[in-house]
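*Asks:* I would like the atomic coordinates for the input below:
(one chain, ligands or ions: 3)
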Amino acid sequence: MTDRLPHEKGFHVSWDQIHRDSRALAWRLDGKGPEEGGQWRAVVGITRGGLVPAAVVARELDIRVIDTISVKSYSHQKQGEAHVIKAPQAGLMGDGEGILIVDDLVDSGKTLELVRKLYPKAHFATVYAKPSGKPQVDTWITEVSQDTWIFFPWDMALQYVQPYRGTDE
Ligand SMILES: O=P(O)(O)OC[C@H]1O[C@H](OP(=O)(O)OP(=O)(O)O)[C@H](O)[C@@H]1O
Ligand code: HPA
Ligand SMILES: [Mg+2]
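*Replies:* Ligands and ions are numbered 1, 2, ... in the order given. Sure thing, here's the model as predicted:
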């Protein structure tokens, strides 16, 4: 469709919304880990987008061991080959058992596919999910259509917008 208004295929997420949805993710994961009392061994955030939900999940589930993995695949809205540019501490990860790997969203699923190959027993959780990526994610909160672009608050700024109906002058 070429006659859509620019806002129609964008899902704009506020700080408040990502906080609430990340807390909902934590609630869903609470007590589901393989350790005693359903606890998880550690949270690993996929940088950079996963850092915000990872911090919220770790806070809610009282997880103090937190690490990161950096996977680069997108430049603006274009996707290239995904590759790991920073791995978590090797001694922590093993095959991923008991590790909660958190990202902001799964889109094509390529990022999670790569991380899953490295840590096949980890639990993969994202706040948002698009249909193509769903097979790669174990737990998610909100699904959006494949042709929706999700805009996160760290990529946006408040600014004036024109009313839908302009004035006559
Ligand atoms: O399922 P996929 O198609 O692989 O896409 C999802 C990934 O893409 C985005 O990260 P990006 O690589 O843009 O890096 P960033 O988190 O640093 O913004 C997003 O944060 C996910 O990590
Ligand atoms: O919909 C999206 N929004 C932001 N970053 C992304 N990276 C892949 N898909 C998306
Ligand atoms: Mg990312």
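*Asks:* How are the helices of this structure distributed by residue range?
*Replies:* With DSSP state H applied, the chain shows helices at 15-29, 51-60, 90-93, 110-118, listed in chain order.
*Asks:* buried sites along the third one?
*Replies:* What that stands for is helix 90-93. Met93 (16 or more other C-beta atoms under 10 Å). Every residue, glycine included, has its C-beta placed from N, CA and C.
*Asks:* what does that helix rub up against?
*Replies:* Defining contact as C-beta atoms under 8 Å, 6 or more residues apart in numbering, one finds that helix 90-93 is touched by Arg41, Ala42, Val44, Val65, Asp67, Ile99, Leu118, Tyr119, Ala122.
*Asks:* quick one: contacts for the last one?
*Replies:* Which is Ala122. With contact taken as C-beta under 8 Å, 6+ apart, Ala122 is in contact with Val44, Met93, Asp95, Gly96, Glu97, Ile99, Leu100, Ile101, Val115, Arg116.
*Asks:* Contact partners for Ile101?
*Replies:* Val44, Ile46, Gly50, Ile69, Leu112, Val115, Tyr119, Ala122, His123, Phe124, Ala125.
*Asks:* tell me what the lowest-mean-pLDDT helix or strand in the chain is packed against?
*Replies:* Among the secondary structure pieces of the chain, namely its helices and strands, strand 78-86 has the lowest mean (mean pLDDT, DSSP states H and E), a mean of 84. Applying 3 or more C-beta pairs under 8 Å, 6 or more residues apart in numbering; DSSP states H and E, we find strand 78-86 packed against strand 66-75, helix 110-118.
*Asks:* Adjacent strands (with direction) for that strand?
*Replies:* Paired with strand 78-86 in the same sheet, following DSSP bridges, are strand 66-75 (antiparallel).
*Asks:* Ligand 1 contacts on the chain?
*Replies:* Within the chain, the positions adjacent to ligand 1 are 46-49, 72-74, 79, 103-111, 133 by C-beta under 6 Å from any ligand atom.
*Asks:* Quick one, which of those residues are buried?
*Replies:* With burial judged by 16+ other C-beta under 10 Å, the buried subset of those is 46-47, 49, 103-111, 133.
*Asks:* could the residues you listed be laid out in CSV, adding pLDDT and distance to His12?
*Replies:* What follows is those, written out as CSV (pLDDT from 0 to 100; distance: C-beta to C-beta, whole Å):
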residue, pLDDT, distance to His12
Ile46, 98, 22
Thr47, 97, 22
Gly49, 97, 15
Asp103, 98, 19
Asp104, 98, 14
Leu105, 98, 14
Val106, 98, 19
Asp107, 96, 16
Ser108, 95, 21
Gly109, 96, 23
Lys110, 95, 24
Thr111, 96, 22
Gly133, 98, 20
